[in-house]
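Colleague: With the sequence up front, the predicted model follows.
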Amino acid sequence: MSHKKEVTVKLYSIMNRIRTVEEKIAELYPEQEMRCPVHLCIGQEAAEAGSCAALNDDDYVISGHRSHGHYLAKGGDLKAMLAEIYGKETGCAGGKGGSMHLIDLNVGFIGAAPIVGSTIPIGVGVAFASKLKKENRVMMIFLGDGVAEAGVFHESLNLAQLWNLPVIFVCENNLYSVYSPMHVRQPDTRRIVDLAAAHGMDSHYADGNDVEVVYQLTSDAVKKCRNGQGPVFIEFSTYRWREHCGPNFDNDIGYRTEDEYQVWRKRDPVALFRSKLINDYKFDESEIVKIEHDFKDQVNDAVKFAKESPFPDSSNAELHIYA
C-alpha cells in the first residue's frame, strides 16, 4: 500500500470509527443505562481525525467536555470508553468519571474535563514539562469557540508563546456555546484566530470539515513544534449536528434553524471523504464497506463488554480523590 493510500485509509477509518461510536451512543442512550451526560461530536469528525492522525503514538492530547472524538482519534481504548459511559468498573476512569472524564495514558490521551478552559493550562504545563525533559513530544490541546471568552485562554497562549512550547491549540469552532451563537458572545469584527495572532503566535484558519486540509495543516504544525518552532494555533470551522448535550436533534427550539443545519449536513465530512475516496482516489467500494462493517462489529462487542461489566464496588468510593 502506498503512503498516500495508507494515509487516506487511516483518515477515513478514524472518522468512521468516531461516527459509528457516536451514533451507537445516540441509539442506546434512551435505554437510560448511561447515567451521565453525553456531548456528541457527530459532524465534527474531520477536525478530530485529521488533527490526531498527524501525531505520533507518544504525543499528547488533552480535551474538554466534547471529547469522545479526540479520545478515539488518538487511539483510546473503545471498550474502556463505553464502560466508563456506562459507569462500570472496567471504564477508563473506573466508572467514576463518565463521558466527560475520559483518559488513556497508554496512547497519550492525558484526559478531559468539563469545566470550560480548564484543560488548556494543564496542556501547556505538560508541554512545558516535556520541553524541560527534552522528550520531543508534541502537546495538542482541543478547545471550543467558547473558550476564547475565558481569561485562561489568553494566559495560556501568552506563556506558550513566551516559552516557545511544543503545543498546538486546535479550536473547533462549531458556532455555538450551548445555545448561544457567536454574535452574542464575541464581536463580529474579528475571528478567534486573530486573538492567537495578537499573541504573536503562528495562527491559521481552515475548513474543519475537509479532513485532508486538517491533516496537512496539523502535520505542518507538528513539524514546527518538533523543530522548536512552536506553538501553533489552528481554528477549524465545523458544526455539531445534535443537541449540545444529549442524543437528540434540537433544531426546533429556536436557537438555530433547520435550514442552517441542512446546509452543514450537506457538508458531512464522513460522506464527502467517502465519495472522494471512490470518485477521485478510485477506491473499490468494497474496501470501504469492509472498514465500516468491521468497525460496527467492534462497537457492538464493546457495548456488550460495557453492559456485562460490573459496577464499581462501594469500597472503592474514596480511592483516587484528594480528600
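Modeller: Received the coordinates, thanks.
Colleague: can you map out the helices along the stretch 151-300 of the chain?
Modeller: Assigned helices in the stretch 151-300 of the chain, in chain order: 151-162, 192-198, 211-226, 258-265, 269-279, 285-308 (criterion: DSSP state H, counting those that start in this stretch).
Colleague: where's Y86 relative to I14, distance?
Modeller: When Cβ to Cβ, to the nearest Å is applied, the distance between Y86 and I14 equals 23 Å. Just so you know, the C-beta spots here come from the backbone N, C-alpha and C atoms, and that holds for glycine as well.
Colleague: whoops, I mixed them up, E45
Modeller: Applying Cβ to Cβ, the value for E45 to I14 is 8 Å.
Colleague: for the chain, which spans come out with low pLDDT?
Modeller: In the prediction, the chain carries residues with pLDDT under 70 at positions 1.
Colleague: any idea which residue sits dead centre in it?
Modeller: H70 (3.0 Å; Cα atoms, centre = their mean).
Colleague: tell me, how many neighbours does the spatially closest residue to that residue that is not a sequence neighbour end up with?
Modeller: Closest residue to H70 apart from its sequence neighbours, by Cβ to Cβ, 6 or more residues apart in numbering: S63 at 4.2 Å. The burial count assigned to S63 is 28, neighbours taken as other Cβ atoms under 10 Å.
Colleague: Pretty sure S63 sits against K74.
Modeller: No. With contact defined as Cβ atoms under 8 Å, S63 does not count as touching K74 (9.1 Å).
Colleague: Now for this structure: which helix has the highest residue count?
Modeller: Ranked by residue count and defined by DSSP state H, the top helix of the chain is helix 3-28.
Colleague: Give the buried residues for that helix.
Modeller: Taking 16 or more other Cβ atoms under 10 Å as the basis for neighbour counts, the residues of helix 3-28 that come out buried are 7-9, 11-26, 28.
Colleague: and the angle from it to helix 269-279?
Modeller: With axes from the mean of the first three to the mean of the last three Cα atoms, to 10 degrees as the basis, helix 3-28 and helix 269-279 are set at 140 degrees to each other.
Colleague: isn't M201 right up against S156?
Modeller: No. Counting by Cβ under 8 Å, M201 sits too far from S156 to count as a contact (11.0 Å).
Colleague: residues in contact with the residue nearest to H70?
Modeller: The neighbours of S63, taking Cβ atoms under 8 Å, 6 or more residues apart in numbering as the test, are H70, Y71, L102, F109, G111, A112, T119, F142.
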